[in-house]
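Asks: how would this look folded up:
(one chain, ligands or ions: 1)
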Amino acid sequence: MPSVSISGTDLNYVDEGRGPVLLLVHGFPLDHTMWQYQIADLKDEMRVIAPDLRGFGMSGVTAGTVTMAQMADDLAGLLDALRISEPVYFCGLSMGGYVAWQFIERHRKRLAGVILCDTRAVADTPKEKETRLETAEKVVKEGPGFIAEAMPKRLFAERAHQEQAKLVQETREVIRRTAPEGIAAAARGMAARPDVSGKLGGMEIPALVIVGSEDAISKAEEMRTIAEELPISMFVEIPGAGHMSPLEAPDVVNRAISDFVSRMSSQPPEMELEEDDEE
Ligand code: MLT
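Replies: Residues are numbered from 1 along each chain as shown. Model prediction:
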């Protein structure tokens, strides 16, 4: 995998295909391989870029706290390094969606559209924050084994556990080999993330909202509300899929992304971009 040096760390990424740019941003505590079916299928019609975020996969690790804003700025830096100045389609799953909100706030002019998969707009509750900070402490002391054991139960729908056991196991292995300090830094960053639910109505950006009907982490009803509040949005609920909808139901997800990108690329909605809305 190629890598570039951004703000003191190396970011590794996959870059395949030609056409409109699709930036695929993984969830926690995973890496770019969660997009394996999107990379394989969509590279025939677009340029697919799938990085490992700071602290994950083969990318460099920053100890302490890595905020969602830092990750958004890393991705803008990656686009700069690749000399991509055209507006891109930012597709983020869960934590990748938390990064998407920050990217919209900080780099909106770089976006042609956003694809929000299985994510949330609200911040953590005090109890959720506390649990995240405890997880951060524990993973540094004990390593990621306990997360690798527990988390896939919530990531995948029951059907995937029965019918896609290999994928579940591969995901467990990804978590097991992730750097403990990287997991801890992102967990602290997620605990500190802002609530953007009150800002959705002002996000004048074409959005595709995708959720698995069985998602136990970002519930379908919550995502439907996000889609209703975003001014320009489409909503796709995938029956039977869980939180990892791009891995569990790749055909449906790929079709939705492909339709959205081709529609927005050929007929972008008219939008007023304000002069002072970037950085
Ligand atoms: C993810 O899939 O990125 C995580 O479930 C996000 C979270 O823990 O809030």
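
Asks: How about the contacts made by Thr62?
Replies: By C-beta atoms under 8 Å, 6 or more residues apart in numbering, the contact set of Thr62 is Gly8, Thr9, Arg54, Gly55, Glu181, Gly182, Ala185. Every C-beta, even on glycine, is put in place using the N, C-alpha and C of the backbone.

Asks: I'd assumed it was in a helix, is it?
Replies: No. Counting by DSSP: H, G, I helix; E, B strand; the rest coil, Thr62 falls outside a helix, being coil.

Asks: Roughly how far does it sit from the ligand?
Replies: 18 Å (C-beta to the nearest ligand atom, to the nearest Å).

Asks: Over to Lys127?
Replies: Computed with C-beta to the nearest ligand atom, the distance linking Lys127 and the ligand is 13 Å.

Asks: mind checking the SS state of that residue?
Replies: Under three-state DSSP, Lys127 falls in the helix class.

Asks: Now do the same contact list for the residue nearest the centre of the chain.
Replies: Centroid-nearest residue in the chain: Gly96, 2.0 Å away (criterion: C-alpha atoms, centre = their mean). Contact analysis of Gly96 by C-beta under 8 Å, 6+ apart lists Leu24, Val25, His26, Gly27, Leu53, Cys117, Thr119.

Asks: got it, and Met244?
Replies: Per C-beta under 8 Å, 6+ apart, neighbours of Met244: Gly27, Met34, Leu93, Asp118, Leu155, Phe156, Ala160, Leu167, Thr171, Gly212.

Asks: do that again at 7 Å, thanks
Replies: By C-beta atoms under 7 Å, 6 or more residues apart in numbering, Met244 lies in contact with Met34, Leu155, Phe156.

Asks: I'd like to know how far the closest residue to the last one other than its chain neighbours sits from Leu167.
Replies: So that's Phe156. Computed as C-beta to C-beta, 6 or more residues apart in numbering, the closest residue to Phe156 that is not its neighbour in sequence is Gly242, at 4.8 Å. For Gly242, the distance to Leu167 (C-beta to C-beta, to the nearest Å) stands at 11 Å.

Asks: which of the contacts of Gly96 lies closest to the ligand?
Replies: Nearest to the ligand among the contacts of Gly96, counting by C-beta to the nearest ligand atom, is Gly27 at 3.0 Å.
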